[in-house]
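**Student:** need a 3D model of the sequence below.
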Amino acid sequence: LDFFSVSDMFNELMGIMGERADQKGIECIVDIHHTIDHFELIGDSFKLRNALMRGLDNAIKFTPRGGLIILAARPNREETLTRVRRRSRGFEEDVEFESTTVMFVVQDTGCGIPPDQVESFLQPMDHLRLVTKSTQENLQLSKGILISKQFIDKIGGTVSLNSTLGQGTTLMFSVPLPVHNRKKACIKFADMQVLVSSKSVI
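**Tutor:** A predicted model of the protein is given here:
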């Protein structure tokens, strides 16, 4: 486990993926709820980052030129107390932290998914092939979602999916994360719209 801020993570993701979006003329909006922006969190940032990166990769790949992608984070549940085992100076100890559940969202205005197939996209690929007459495009979309789900499952989160054919897809990760402190992170996003909001734009 490591310490991280959502602002820093989103900044890194946009640094990696933003150029691809720019090349397609896709607008990116980063929306971080003001309470989340104040948190330094404890968790497996590697797995979370990779799950979000797969979600953004799908969004860019399947959103047409001139489309929109929103990368967002907002509180999904009231804070509770949780115990985290940490190592310090060779000793392990259980430390109690406040914990919050964060909803991470990747929303796009891409091709979307037929409504009768949405649940299948969270099932193994063989199941999707069995229950649908999926195009290669849909199978590629499903693969990205399933890889994200594997990362989120490993850190104790849940994945949900909303989609409308021809209008876009919203991929959501609900992840419980201990709060280390409330030190405000510095946002350094360049060349894109950034919202630090009291409500979600989703």
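**Student:** surely Val105 meets Ile69?
**Tutor:** No. Using Cβ atoms under 8 Å as the test, Val105 is too far from Ile69 to be in contact (10.5 Å). From N, CA and C alone the C-beta is placed, and that goes for glycine too.
**Student:** okay, these two: which has more neighbours?
**Tutor:** Neighbour count, other Cβ atoms under 10 Å: between Val105 and Ile69, Ile69 has more, with 25 against 22.
**Student:** hang on, the more buried one in a strand?
**Tutor:** Yes. Counting by DSSP: H, G, I helix; E, B strand; the rest coil, Ile69 is found in a strand.
**Student:** from Val175, how far out is it?
**Tutor:** Applying Cβ to Cβ, to the nearest Å, the value for Ile69 to Val175 is 20 Å.
**Student:** which SS state does Ser99 fall under?
**Tutor:** Of the three states, Ser99 takes strand under three-state DSSP.
**Student:** that one: how many residues sit nearby?
**Tutor:** By the criterion of other Cβ under 10 Å, Ser99 has 19 neighbours.
**Student:** swap in Phe62?
**Tutor:** Counted with other Cβ under 10 Å, the neighbours of Phe62 add up to 21.
**Student:** model confidence for it, exactly?
**Tutor:** Phe62 is assigned 91 on the pLDDT scale.
**Student:** residues contacting it?
**Tutor:** Applying Cβ atoms under 8 Å, 6 or more residues apart in numbering to Phe62 gives the contacts Asp108, Gly110, Cys111, Glu137, Leu141, Thr169.
**Student:** switch the cut-off to 10 Å
**Tutor:** Counting by Cβ atoms under 10 Å, 6 or more residues apart in numbering, Phe62 touches 108-113, 137-138, 140-141, 144, 168-169.
**Student:** just the buried members of those?
**Tutor:** Neighbour counting by 16 or more other Cβ atoms under 10 Å classes Asp108, Thr109, Gly110, Cys111, Gly112, Ile113, Asn138, Leu141, Gly144, Gly168, Thr169 among the contacts of Phe62 as buried.
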